[in-house]
Structures are given as C-alpha cells and as structure tokens.
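A.B. asks: have a look at this prediction, sequence included:
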Amino acid sequence: MKKKYSIASILKNSLSNNENWGKMWRNPSPKKHYDVIIVGGGGHGLGTAYYLAKHHGIKNIAVIEKGWLGSGNTGRNTTIIRSNYLWDESAYLYDHAVKLWENLSEDLNYNMMFSQRGVLNLAHNEHDIKEIKRRVSANRLNGLDTMWLDKNEVKDLVPIMNTDNLRYPVLGAAYQPRGGVARHDAVAWGYAMRADELGVDIIQNCEVKGIKTDNYKVEGVETTKGFIKSSKIGVVASGHTSVLAATAGVRLPLQSRPLQALVSEPIKPVINTVVMSNAVHAYVSQSDKGELVIGAGTDGYNSFTQRGGYDVIEETVRAIVELYPIFGKMKMLRQWGGIVDICPDASPIISKCEVEGLYFNCGWGTGGFKATPGSANVFAHTIAKDEPHKINAPFALSRFSDGRLIDEHGAAAVAH
Amino acid sequence: MTAINNDCQYISKNKISFTFDGKIYSAYDGDTVASALLRNNVRLVGRSFKYHRPRGIYTCGIEEPNALVQIISEHNEPNTRATIKRVYDGMEIISQNRWPSLRHDFGAINNILSPIFSAGFYYKTFMGPKGFWKNLYEPLIRRSAGLGKPPKNFRSKSTHQYHNTDVVIIGAGLSGLAAAKKFINTKYKVLLIEQDCYLGGILKNSNKVKTINELTPQEWISETEELILNSKNITILKNTLVTTYNFTNHLIALEDKFAGKKIELNKSELTLHKIRTSNTIITNGHIERFISFRNNDLPGVMLASSFEKYIHRYGVVPEKEPVIFTNNSSSLSLLKKLISLGCKPKAYIDSRKKDNIETEIKKILKDNDISFFSDAEIEGCDGNKKIETITIRQGKSFTKLKSSMLCVSGGYNPDIHLFTQSKGLVKWDKNILSFKPDTPFQKTITLGSTSGNYNFKKLCDEINEKLSILKTKKVSLDINLNVPNKFSINELWETKKKNNSNWSKSFIDLHNDVTIKDLKQAITEGFDRIEHLKRYTTNSMGTDQGKISSINSLAIVSKMLKKEISEVGTTTYRPPYAPLSFAAIAGRSTYEFYDPERKTSIHSWHLKNNAVFEDVGQWKRPWYFKASENETMYQAVQRESKMLRENAGILDGSTLGKIEIKGRDALEFMNLMYTNAFSKMKAMTSRYAMMLGEDGMIKDDGIICKISDQHFIATTTSSGAPKVLADMEEYLQTEWPHLQVFLNSITEQFSTFNISGPKTREIMMKVFPDIDFSNDAFPFMTFKNFDYKETKIRIMRASFTGELGYEIYIPPKFGLKLWEEIFSCGKEYNLIPYGTETMHLLRAEKGYIVIGQETDGTVTPIDLNYNWMIGKNKKDFIGKRSLSRPDTSREDRKQLVGLSPINKKDIIEEGQHIVELNELPKKITNPIKYLGHVSSGYHSPNLNHSIGLAMIKGGKNLLGQKFFVTATGKTKNIPVEIVKPVFIDPENKRLTS
Amino acid sequence: MTNILSIPGVKVSQKDYHQIIIRGNGLEKFNNTIEEKTSIKPPSKNLEIKYDLNYLFAKNSFDQWSLILMDKKEHHQILNLVSSINTNENMLASDYSYGQVYFEIEGENKDYFINQLTHFDLREEKFPKSTMAQTIIARIDCSIYNLGNKFVITCNKSYEDYFQKRLKDSALLSNAS
Amino acid sequence: MILIKCPYCGYRDQSEFTSGGEAHVIRPKNPQSLSDKDWGEYVFYRNNPKGIFYERWVHSHGCKKWFNVVRNTATDQILKVYKVNEKRPDLSEFENTLKSPSGEPLVGSGNFAVKK
C-alpha cells in the first residue's frame, strides 16, 4: 500500500499545513483496450475492479463512470448494513458482505466507519411477528446473529420509541447486533484509491453510450471519450443498467424507480440503533454527525429523475413522528432521491447473460449498499472465471425462466 | 455599543422578558431572538460544530449559519434560528454545543487540535485495533458532534391546508408586491406568500429605496397591501415560507401560526400549505454573501445588509461604530443610515479601485471624516470570543483598528434555490458575479433580484414584460434610490493572509467549520469534482445549506482548478429551502389518525364483551374474548376452541371481502381468474376457490357462490379484498375487454357471521324458525336467500372450523340486532363468541390453510396438495402456465404436511425449522441444513397436545418419518412425526353432519 | 339526520340515505330499462348528476352509476328494485343502502374546510355544480357530489367513526386559530 | 408529485393513481404453447427505457379505470394520455430529450443544473 494513513501521517501532514497529501487516484485518459471494463463507478463497480486486481491478477482494468465516483446510489443511500434475510441464498450473500465489511477499513486502510450498532426490524401485527420469528429461526440455522426481542427489550434499546400509544403498537422486533451503518462515500473512495494503486484506470465524466457486440460476443464500449475495446464487460450501473443492457440487445427484468431519503438537522446522540419498520413504514439511524438519516419507500412508477413524489416523504415522516413523537420537534434538512433497479423477486442479479463476455450485477433494489463488498467480491470472481461463485450462482438470470426465484419481498423491509 | 432606531415601525413598545442561558433579558414584542440579544449587547450566542469556536449572529434571516439556539420552553426544540424565531414573554432559550458553559467550553480543545482535524481526518485514522472504533472512538466522536440536544415529550397538532390556484407569488417584497398588483381584480386566483409577518421585503428591511411613486416605501407598502386585500382573488399568507418546489407546480409552504406567541398545545401551531398552482412567480429576492478572511467567524462579523436590516426592521443598531467592508456599491445605504442616526462607522473598506467607487460614497466619507480605504481588504480580525482588532491591508501596508463589529458585503446571490428545485437551469452572470435563473423547466417566472436583475429602474419593465403572458394589468413604478442605480462589484472571494499559520482559519462554511485550507487540501488529494469536495469537506452541507457561502466556494474552487465557474457547476440544491418541521410534514395524519380504523357493525358489542382486538389491515377484529379480567390469551383461546367443538361459537366475519360478479360472460371470467372449474357447478352452491398470480403462486382464496352462470358472489380474505377486486377489474379492462362482466365490491354491504359447532343447527332453528336446516334441505356448500324482518338475508352452509357451520349475510344496519338475537337464542346451548386466534387454531386442527401463513408468495396449490382445486380441463387460467416450469414442478418443493410431537408435552413453535439433528451446536458457524419451517403451531385443546402445519421439502413422501423441530433459545430439538395435515375429523363427518 | 359540527361558515350533518350502484354499458337499452324501473332517466354525461329533493342520480364513470335515494323507503322496496334491475343479463345493481355513510357539508367556508382534508380541486371551473367526483378525503376513498349550496360526501360505513373524528378534529383546529 | 389527467375524471394528483408498468404487453393467447423462457419474459420482463415510455396507470382511488400514458421517464413529463382501447401513438410524435441512452435531459437534474 503506497498511501498509508494513520494518526502519524495526519500529524506529519498537519505540520506541513496539510498541503502535501498525495492524490487519492489518478485522472487517466482511457486506453484503447482493457482486459476488463467495469461500467459504473459506484461502490460495487470500484470494489469489483479492486477484487479483480487484487485476487484475480487482472491489472488492465478500467472503471468508467458517467459522473463522479460514487455519484449514484452509493452516495445517496441510508447506509444500513445487515444480513438477516429469510432465504439461505440471500443470507449467504449478504453475510458474505457483512464479514467483508468487518475488515474493510483495515483491508483498505481507509476508515469506512462501519458502526455495528445493531439493526432492529419492528413487528406491528401478528403477521409481522410470524414472519420475523420464522426469519430469526432460519437465520439462526444459517449462523447469523439475528434474535427476537420483545417489546420491553426494544424499548430498552430505543427508549424514545413510542411502543404502545400508536395506531399499530410495537409488538417486538428482530435484532441483528452485527448490523449497522457505514460512511457511504468512504466506500467508493477507499475502493477507488486502492484499485487505482493496483493499476486500475478510473475514468470519470465518461458516459458509456453503448455496448458493442458481434455475434453474441462483446467487443467494447462506445463512450463520450471514444471507443474502448474489451472482451469482458461488467455492468454495475444500478438504475441505468437496463438502459445499457438494451444497447447490447439484452433485456433484463428490471424496473427503475425513485427511492427517497432525508436527513434531519444534527442533534446530540438520541438513537443508537438502526430501526426499520415495514408496517409503520420508515427506517432511521443517527449518523455520527448527529443527523437522523431516514429512508423512505420507493415510488410506484418508473423514473430516472432522481426525484420522487412528495407524498412518499410525507408518508415517511408521518411514520417517524408516530414512532418517535419527540422527532416532531425536529426538522428535515435535506431530501433527495436515487434511482433503484428493482427485480420482480426483490433479489439481485449477479450473472452472465446470453452475450459472451457481458456480465451484470444489478437489481439490488433498495438494499444494494449493504452488499457492496460481497457483491463486488463475487462479481469479480464471476468475471475472472467466467462462471459464478457458488454464493452468487442462485442469482442468475435463468431464474426468471425456470422459476427458481428468491422472493425476498418480506425481508426487503421496503414496501414495493 | 448598540443604539436604537426610533423610526422603526415594526417593533411594538411592549416590553417582554426572556432568558438566555439562564439570564433574564428584556426585549420588545416583535423582536427575534437575535434582535433581542443584540439589543442587550449579547454577541456570543453559540459554539461551532467541529472546533467549538465562539460564534455570534452573522445574519438577520433564514440564511443564518451560526446563531442556532435551543428553545427550552418549547419542548427543548433544538437548532432554532435565532434570526427568525420571535421572542415572547417568558421564553427560555439556551445556547448549544458547549459544555460546561458558552463562555468556557471544554470542546474548544478541538480548535487547538484543528491542524490535525483536517479534511478527511476521520477516514484516515481509527482503522484499528479491532473493536476500538465501535467501543471507543465512535462513541466519543458521536458525543462531540450534533449541535442541539434532543427535544422532549411532544405531540404536535400541526394541520395541513391544500390549495388549488392559478398563480403563486413567492415573496412579498418590492417585486412580489408589484407583481401582485398586476393581478388585482383579475380572473386569476392568486396566493401571495411572505415569510415575514409584514410585507415589503427590501422596502422594510433596508434603506435602499427612498421613494416609490412619490410615496415613502412604508406608505407604498400599506397602499398596495390594502389594494390587494380588497381584491377578492388574492389571498395573502404571512409568516409562511415556501420550502419545496415539486414537479407540476406543486409547492410546500410552512406557516408559523404562533410567531411571537407562546404555543398553545391544543391548537395547531404550524400549518403546512400544500399548493398546486398553474404558474409560480418567484420573487424571494437575493441573499448577501460573505467574504472569507482570517477569523471571519468571530462574534462581531455580520453581513452588511443584515446589519442594515436590524436597524430598519427591528430598530436596533447592533453597533454604533462598526467597520464596513465591501466589494460593491450596495453598502452606501447602510452608510447613509448610520450617519442619519448619528452613528459613525469606524472605517469604510472598499475593495474596488478608488476610481470605480461612486462619488457619492466618497463624498459622504469625506464629509463625515470617516477613515476610507479603497482598493483595500480586511486581512483578518482578532479577539477573545469577540472582535477586538481588525487588520486592513491596503497595498503593502497594514492598518490595525480597534472595533467590535465588522459589516461585510461580498455581493448578492439571486435566491435560486427554489428555481433549481423546480429543475430550471441556471447561468453564470459576470456582471453580478453569481448564478441566475436561465431556462425554466416548469411554468416558473422569476422577477427582480431573484432573476438577477439588480437594476431598480428596469424592474417595472421586467415585471410588465414577463407577466404579459398572463392577462394582467400594467403597473408603473417610479423608484428613487439611496444606492447607486447601477450595481457595481469587484470580484473578491477571499483575502490574503499575512502569515501562513497552521492555526489561522478563513472559513468558507461557518456552520460546518470548513476552511479554505480544507478545500485546498481536498483538491490536492484529488477531490476535484464539486460534489466530491462537498462530501469530503462537508462544505455547504450544514443546516443553512451554505446560503451565504456556497457560491463563494464554487468561485474559490474554480480558481484553484483554473476553470470557469460554469464548468465547475453548482452542487444540487435539495429541498427543502430551509429546515422543515417534521410535525408539520406529518400534519394530523399521525398519532390517532396515522391510519384509518375500520370497524364492523358489531364493534360496540365486541367492546362490551371484553374483546381484545387484532389489527388486520385497517380492520379491528376481535382476536379473542376475555372471560375474566385475568384470563390470558392462551387460556382464552384454549377455552374458546374447546367450547366451540363441544357446543357452538360465533365469529364476526364482516371484514371478509365480498365481490358481486355479473354479466353475460361471468362464468368464463371466473374460470380464468380462479384455478377451479365452475362450469359444472350447480346454481346456488358454493365452492372453496383459489386465485394465483401469473407466477403460479397462491395470492388469495375464498368461497365462490354461484347464483347462475351469469352471476357469482366471491369472498376474499379480509386484507386481500381490495387487491382481488383491483386485479379482476384490471383483467377485465385491459386483457379481456370483450368479456361482458361487471363487478361491485359488496364487502361493506353485509355483516357476516360464521356460526359453527355441533349445536349450531339447534341455534339456527331457534333464530330462524321458518327455515329448514336439515341436511337434505340445506346441504353442505349450498346457500339460500330469505326474507328476514324488514330485510333479506343470505345463509350459506360452510365452515372454516371443521364443524357444522353456517355463514349469515345481513345488511349492516340490522346486523347487531341479529347478532344479539342469536346470542339470546344460543344461550341455552352455551354459544360463545370467538376471535381470529381461535379461528386459526381450529382451522389448523382441521388442516385448512391461511393465506399469508401457510403461503408466503412462493407456494403453489400443488405444494398444498390442493391439486383437486385445479380445473384440469381448463385450457387456461391465471398462473396455470407457471405451474409447469422446471422449478414449480420439482418433486422436492416445500410441501404442506402436519407435525405431531413424539413426546406429547413438547410444544411446536410457529416459525421454527425442521432439521435432521436432534441437537444444535451452541454456536452455529456452518449453516445447518433444514427441510422447511413450521407455518402454524398451536396447542390443540381438543387433542391435548401441540400440533403443527409445516412446509417441508418433498414433504409428501416423508409421511410417518421422524424429524426434529428447533426451539427458541434451546439447542435440544423436539422430535416430531410427519403426519397428514389434518388432525380432526379427517372424514369430514362433523362438517357434513 | 345527525349534526356533526357547526363552526362559523361550515355546517356538517350526517344523513341516512339509500343507495344503489348500477353497472352497465350506458347504451339506449340500458337507459330505457333504468328509466322504466326508477322513473328517472340516468345522466348520460360522465360525472354528471341529476337531483331533486328525493333523489340524486350520478354517472360515476362510463359504466357506473350511483342512485342515491334521500326519502325514507322500506328496505324491501330497494331490494326489489335491485333484483328487478338484475333480471337484465348485462346489468349489475348492488344495494349500497347501509354499507355507506353520508355527510352533507354547507356554508361559505366549506371549500376551505374540506381542503384541510383533501387535495381535491373544488374550484367551480374544475368541479362545477351538478357533478360528482371520486377522490381521497382524509386518506380514504370517498365520493363527493356538488349540489351547489352543499356537498354530499359518502364513504364506507366501516370508516364512519374515523371520518367523523377527522371532521371534528379539523373543525376544532381551524376554529382555534 | 406529478399531475395526471385521468381520461374520465380530469386532472388529479398522482397519489390517486397506481402505475401498472409498461403498456401494450398482451397476455399470450395460449400460454401453454410458450417455452419457459418466453413465458418468463411475459411474466417478469418489462421495458424500462429512459426517455419515452408507454405505460399504464389506473385511477385506483377514483373511478378505478385503466388508461395509457406516454411519459418521459427522464423528466417525468407526461406527453400523452389515451384510453386503453385507443391506438398506441407513434414514437415519432414525441421529442426525445436525450442525446444518448443513459444521458441526461437539458433540465436541472443532478449536476446538470448549469446551462453551459
């Protein structure tokens, strides 16, 4: 590692007025040819490049990003990390990610501020209880740390929560202590810095206009900086993935929807757990800065405007005030939207397709951030070996023909 | 020292008192917290976010980055802008982010350590050792961040008000009032929205305009306001701030109903206006920006026009002898005002070249003997918790002055926030050195300084011209000014420091403590995109969203990058314009109104009879009935279940969905919608039916009553009712418009009672003596209509408990009476009311499934052994094709089975899994293989042991085999036998008795 | 009739009416049948309502009508009318008499009052007299009929308590400020 | 929040409607004759263009009628509303505001708020 960060490097630089820090990454012009091109410079894409270079010995890689690094959902999400999914396939995938998260700051020598403060999924009715208890039991058998908490235990963790005097009382919750939040931008920056060190060309402000194929084989990408040749292309462009796939003649079962989030003004620590709820629909955590970071549901229509309906914000804030009456005195500082690509079964696609050399990592819907290292790790494997890792094999495109869906609508925790 | 401007007409002479950090101060009714503090010579009001530096009042409005306070007397409301919040008698306020006190703040150590708290500090350290981040570093960091303290117990009564209108004018300043005048007595419905409690904007806040149409500004405002009030088509909303501009001209505005008053808790303190308009006119003016210099955050630094506003709007001269530092022509009005009040600025520093400075300014300075520095700048200021000395650089010479206040003007930015929220495009204007609106995306018009027009003389033409697309009247404005008509500005964003110290700071974002040095460092590290810079340094991400500084940072960054500012671009302006109350957004649709409650016509009876309710969708359904105060749910359900199988029980099933289906092609339609075949079904019989999605998975179930081939009544699950009807409508309208079928929801038109148990027939005969309930006359799965008193009822012989049972349908008006009648007749048979939990237990004993319990969106009818429900000869129905996909026709799919504990005392828990191991390791590291899960688990009072229904891989072929069920909190599993999923009356003798 | 609330400019009362929802194609035969059974010619224009003191007949959409009968009737009379319409193969009539609740809102501030609970555009040019609309009021599906001097709002009976509470709450809070 | 013109009720707030996804996807006449792949396409695959999109909406909290809409998903502007039984309007009727498949329209969106 060339750039080594530590308290010593900070002290040293502070003496020289912080004017001598090195560049985090280069700003290269694209070469004519790469062994692998990753389309999309978010956490998943940069991570894929990093693992390709680090674990699979491929060095001639480009990451092509339309805007700036992390400008998509990586920089727009509510940063919740957990792995308490119902089905085995999902539990393996997301827990693979959580395990990588646990060492990521050290691995990249960049602090992701992965804060394992625990995640609660609240139950507000009999149906929720049944669903959560089943999930807790399945998680246990899969070696996850999810547990059932009754109302009083929830209240102990989050004293400001209104558990009784509300329309749908809190009856209990699933709790995963290893879950938490991380600093989203740092993920993109950390991966970018280390991928760059390993020789990956990160090309920003370069839009892929189309994927060129010949006889079901990829040839390269047409970009705003010219044509770039490659025989392997991995598309990790979240909301825009299906648009790019279409240029290669590939159809994906994705719909791009607005997903909104908001933050409050900063206050001193008041809620130290991540709390999610389906029936009283909102999720909230408090950032290290003190802002309440609040996630809303997806809008019910396709859109690429990065702006959803105001009614969704209202729904979310209603739920927040219902569950935490004192937050009525707080104020919304910013609201924003991202574009999420949603699969019919609320599970991602990490898969090859009918075009040779073309790989997709998409369909993460509302929950892609938590999977970032795991997704990048198995996607790198899939591209390098031209076959899926055993963890992502079930997340193939073929499931939409043979019917082997991984229906995670229950666990996605975001109303679709 | 402060002084008073007795000419101020906006402050009453009523004295009030309030406390700040425990000390009592007096103020006038109409003061803001800031003006009241300034009136009392209080300059230090808070500590900064990161370095805990002392901070004062920087502005006089919504743009304030520093003066955020906590209102103790309003449930501890944090982060309140002192420059907006009005004081009232008895208000309690404290400062934020300091410990133990504002003057002696322990956190100020961060300021000393500031060289290491450089940009990206947190990213570059605390990576290890493992566990330290979670247990040590992060808790420390969390505690030192965060500004105000959390609020306390609070329940809001904020309301919403919707508007549909033709025109909204945002901001009732000079341009807004002039625009409103054009709409007087026109056909347009107009809303004029003003954030202050007085109209007038710049006319009331400054000394800039001398006369309009030969009236004083105040006279002109009053005259115009009266004209507007007399015009029926225009409504004025005061104390109201437009925060959000959505698509299709949808605006959100917040009205403070208790501005300057103590909030009464039983009243609506805020009203959120949700406005849909055809045209939006933005006239909310401009915001003055600062200039970065060394210690430009010290208490005592204030924007020049804010200083001017305190004098005009609040009658307080914050300091009699301030230093004025400007790069433009607008500060002339402040200079004039001060002199007219007998105050004398200590010095006037103008960065413009002497020749470019207006003669009038130079003359006034000379006449009044005020120190004048042209082509000069402030190098910095120094002092302990306040400005004490100010250093001026003129060429190579430095002058030190003693003063406690410095008024700064770095020029003005058109307030483009709302315009960009509307998705309009902005453009850089070299003349005003700022971005201004260019191409609107919606029907949006910007006027006056919002549109970048700083020329008062051209204002009238602009308004008349831009509004000519609407049918409005002409206005004329003849404006006389106290400032030069032609706005002149010299580009200056930061001043040069004398020495390059590690500790000296020129701030670019006061709220988040971002310095110019941080920007430089970020660029050095490669963060050369403006959004990266923002995120890496947190520049302009504070509660003020960089209103006074974000353009400055763009300019400074563009210089560092040697790019044009338009190439650098702006960061995204995100709604809301200013922090927006959560309580107001929620409105009344929270707490008791969070979600509507639906009640059946029997609800009052349930209440009287100690029902405990369960939420099923929006419905309130009896979950179980308490026989005595101390009876637990378990006891009640055991009792109810036993009583029913011995005698009889009655359930309020009114919440079940009911759909009436009629038309020429009703039969064909039903055959397509459901898996079952209805062709051979006899009229006036009923059948249990299932509905799939196109993916082959079970979506809903219910009983179908066939009146004729053209007329059916379908029942659905309670929560599935709206979706089933919507799906039916969808197919009829979009896929099969050739089918002549009509649908009506009749869910609400009937109260429905399910009465079942061995004594049911006797009870029914007693209630309906004229009806023959014998098996021959009224066989299982048939239904009949009867006249009953003043109405008609339908009775169906069906059961969900496995016992003899009937369903009665009666219009809700007569429901309760009949229910009571049944009870009086049923008394001698020990008839009991029962709730949903008992229903679930009884049906589980019988092996009937519940949608959403046995099914979870991944279950087909074949998985439930319900092949008999699939119309084999039907060519097509919704979902049929999916049943033959490789995965759905697998042999080892999860299938429905029953579970019986080997040891009869063991309890089978719902949601647990079926495994092959009798014991689990204490800590599971490698996943344990499981076969499936327990979908239903109850203690059966009738069998006297626990029973379960389960979905198990290849379950059909595992009958009789032994497996284990996991148990909560235990490593020892429960041995069970896989049995057929029916525990009671497998021959259906009771059902058909 | 029950008085729900009365504040300056707004009066709300609850009424007991009968209602029949009729589905059909709206062609001549349909119109004739309906006229024959009810002695009222159904409105032909979408969203139009015909009314007098005894009835209110609205065309909710191209294939749906609601007939509200304001005068007191025996339930059997209504049920007979429903079955008599239903003898026609391609018409569906359902009795909605007791599954709905009816609120009448009058007074000069009625628009402003209702707009506390709904985004619906009540402006005369968008919602003229003698028309109806189906929309969301206080978060639930409602029908609203414009009779000029008053609005009639109907919703499902299960929401009766909730809707009454919302109306009263709005009155209380709008009155208070 | 966009404003949608229901062909039967007029302009209403978007919250009264539910989107039904891509329009003009016809349910196969004889599903049994389709391959697994083709059937899977019908059930799970829908177009997801950035730009001109033919889609279905239902006035779910109003008259409950379905209709079709042509909308620019890059700007959320509604370009046309037509009834279910009306002909699909030709793509050439509408102006595509995008220069490339994933490009941005010339409106203030994201980082493209500045007119160059």
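C.D. replies: Sure, I can see it. Residues are numbered from 1 along each chain as shown, chains lettered A, B, ... in the order given.

A.B. asks: mind listing the helices for the stretch 201-350 of chain A?
C.D. replies: A:241-247, A:310-323 (DSSP state H, counting those that start in this stretch).

A.B. asks: which one of those lies nearest to residue B:708?
C.D. replies: Checking these against residue B:708 by Cβ to Cβ gives helix A:310-323 as the closest, at 43.4 Å. Bear in mind the C-beta positions are built from the backbone N, C-alpha and C, glycine included.

A.B. asks: so which other helices or strands are in contact with the closest one?
C.D. replies: Contacts defined by 3 or more Cβ pairs under 8 Å, 6 or more residues apart in numbering or on different chains; DSSP states H and E place helix A:310-323 against strand A:255-264, strand A:274-277, strand A:282-286, strand A:292-298, strand A:331-342, helix B:582-586.

A.B. asks: so of those, which one's packed in deepest?
C.D. replies: Comparing the helices and strands packed on helix A:310-323 by mean neighbour count (mean count of other Cβ atoms under 10 Å in any protein chain shown), helix B:582-586 ranks first with a mean of 27.

A.B. asks: quick one: is it near chain A?
C.D. replies: Yes - for a cut-off given as Cβ under 8 Å from any Cβ of the partner chain, helix B:582-586 has contacts with chain A, namely B:582, B:583, B:585, B:586.

A.B. asks: re the thing from before, would you list the helices of the stretch 201-350 of chain A in CSV and tack on mean neighbour count and mean pLDDT?
C.D. replies: What follows is those, written out as CSV (neighbours: other Cβ atoms under 10 Å in any protein chain shown; pLDDT from 0 to 100):
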stretch, mean neighbour count, mean pLDDT
helix A:241-247, 24, 97
helix A:310-323, 25, 96
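
A.B. asks: would you reformat these as JSON lines and include distance to residue B:460?
C.D. replies: What follows is these, written out as JSON lines (distance: least, Cβ to Cβ, whole Å):
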{"stretch": "helix A:241-247", "distance to residue B:460": "48"}
{"stretch": "helix A:310-323", "distance to residue B:460": "35"}
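
A.B. asks: out of these, which gets nearest to residue C:22?
C.D. replies: helix A:310-323 (32.8 Å).

A.B. asks: chain B contacts on chain D?
C.D. replies: Residues of chain D lying near chain B (Cβ under 8 Å from any Cβ): D:1-3, D:13, D:20, D:26-27, D:30-32, D:34, D:36, D:39-40, D:42-44, D:56, D:58, D:60, D:64-66, D:75-76, D:84-85, D:106-116.

A.B. asks: report the buried members of these.
C.D. replies: D:1-2, D:13, D:20, D:31, D:36, D:39-40, D:42-44, D:56, D:58, D:60, D:64-66, D:75-76, D:84, D:106-115 (16 or more other Cβ atoms under 10 Å in any protein chain shown).

A.B. asks: just the ones in strands from these, please.
C.D. replies: D:13, D:20, D:56, D:58, D:66 (DSSP state E).

A.B. asks: which residue does chain A have closest to chain C?
C.D. replies: Per Cβ to the nearest Cβ, residue A:311 is where chain A lies closest to chain C, at 9.5 Å.

A.B. asks: name the nearest residue to the residue in the stretch 101-250 of chain B that chain C sits nearest to, sequence neighbours excluded.
C.D. replies: Closest to chain C within the stretch 101-250 of chain B is residue B:164: 3.9 Å, counting by Cβ to the nearest Cβ. Nearest non-adjacent residue to residue B:164, counting by Cβ to Cβ, 6 or more residues apart in numbering or on different chains: residue C:121, 3.9 Å away.

A.B. asks: does the one you found count as helix, strand or coil?
C.D. replies: coil (DSSP: H, G, I helix; E, B strand; the rest coil).

A.B. asks: swap in the one 4 residues further on?
C.D. replies: Taken by three-state DSSP, the conformation at residue C:125 corresponds to coil.

A.B. asks: angles on the backbone of it, please.
C.D. replies: When read as degrees, to the nearest 10, the backbone of residue C:125 gives phi -70, psi -20.

A.B. asks: is it true that residue A:19 touches residue B:522?
C.D. replies: No - contact criterion Cβ atoms under 8 Å: residue A:19 and residue B:522 do not qualify, at 11.7 Å.

A.B. asks: and those two? Which one has more around it.
C.D. replies: residue B:522 (27 against 11; other Cβ atoms under 10 Å in any protein chain shown).

A.B. asks: can you report how many residues neighbour the closest residue to chain D within the stretch 251-400 of chain A?
C.D. replies: Going by Cβ to the nearest Cβ, chain D is nearest to residue A:301 of the stretch 251-400 of chain A, at 3.8 Å. Other residues near residue A:301 number 26, with proximity taken as other Cβ under 10 Å.

A.B. asks: residue B:962 now?
C.D. replies: 12.

A.B. asks: do residue B:177 as well
C.D. replies: Residues near residue B:177, counting by other Cβ under 10 Å: 28.

A.B. asks: what does residue C:149 give?
C.D. replies: There are 11 residues near residue C:149, going by other Cβ under 10 Å.

A.B. asks: leaving out sequence neighbours, find the closest residue to it.
C.D. replies: residue C:106 (6.0 Å).

A.B. asks: my read: the one you found touches residue C:11, true?
C.D. replies: Yes - shown here, residue C:106 and residue C:11 form a contact pair, counting by Cβ under 8 Å, at 5.2 Å.

A.B. asks: neighbour count winner among those two?
C.D. replies: residue C:11 (19 against 16).

A.B. asks: mind checking which helix or strand the more buried one is in?
C.D. replies: Using DSSP states H and E, residue C:11 sits within strand C:10-15.

A.B. asks: output that strand as PDB, restricted to C-alpha atoms.
C.D. replies: The C-alpha trace of strand C:10-15 is given here as PDB (Å, rounded to 0.1, in the frame of the first residue of the first chain):
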ATOM      1  CA  VAL C  10     -69.300  25.500   8.000                       C
ATOM      2  CA  LYS C  11     -72.000  23.100   9.000                       C
ATOM      3  CA  VAL C  12     -71.700  19.300   8.700                       C
ATOM      4  CA  SER C  13     -74.500  16.800   9.200                       C
ATOM      5  CA  GLN C  14     -74.800  13.100   8.700                       C
ATOM      6  CA  LYS C  15     -77.800  11.700   6.800                       C
END
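
A.B. asks: any part of it near chain B?
C.D. replies: No - residues of strand C:10-15 are not located near chain B by Cβ under 8 Å from any Cβ, the shortest gap being 13.9 Å.

A.B. asks: what comes up buried for that strand?
C.D. replies: Buried-residue list, strand C:10-15, by 16+ other Cβ under 10 Å: C:10, C:11, C:12, C:13, C:14.

A.B. asks: pull the contacting residues for residue 38.
C.D. replies: Using chain A here. A:45, A:46, A:48, A:49, A:52, A:61, A:62, A:63, A:64, A:233, A:234, A:236 (Cβ atoms under 8 Å, 6 or more residues apart in numbering or on different chains).

A.B. asks: I was thinking of chain C, sorry if that wasn't clear
C.D. replies: By Cβ under 8 Å, 6+ apart, the neighbours of residue C:38 are C:57, C:67, C:81.

A.B. asks: so can I have JSON lines of those residues showing neighbour count, pLDDT and distance to chain B?
C.D. replies: Formatted as JSON lines, the contacts of residue C:38 follow (neighbours: other Cβ atoms under 10 Å in any protein chain shown; pLDDT from 0 to 100; distance: Cβ to the nearest Cβ, whole Å):
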{"residue": "C:57", "neighbour count": "22", "pLDDT": "97", "distance to chain B": "17"}
{"residue": "C:67", "neighbour count": "24", "pLDDT": "97", "distance to chain B": "13"}
{"residue": "C:81", "neighbour count": "19", "pLDDT": "96", "distance to chain B": "13"}
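
A.B. asks: pipe these into CSV and attach distance to residue B:19 and secondary structure per row.
C.D. replies: Listed next are the contacts of residue C:38 as CSV, based on distance: Cβ to Cβ, whole Å; DSSP: H, G, I helix; E, B strand; the rest coil:
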residue, distance to residue B:19, secondary structure
C:57, 66, strand
C:67, 66, strand
C:81, 72, helix
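
A.B. asks: what does the stretch 751-900 of chain B have sitting close to chain C?
C.D. replies: Checking the stretch 751-900 of chain B against chain C by Cβ under 8 Å from any Cβ, the hits are B:787, B:790, B:791, B:792, B:811, B:812, B:813, B:814.
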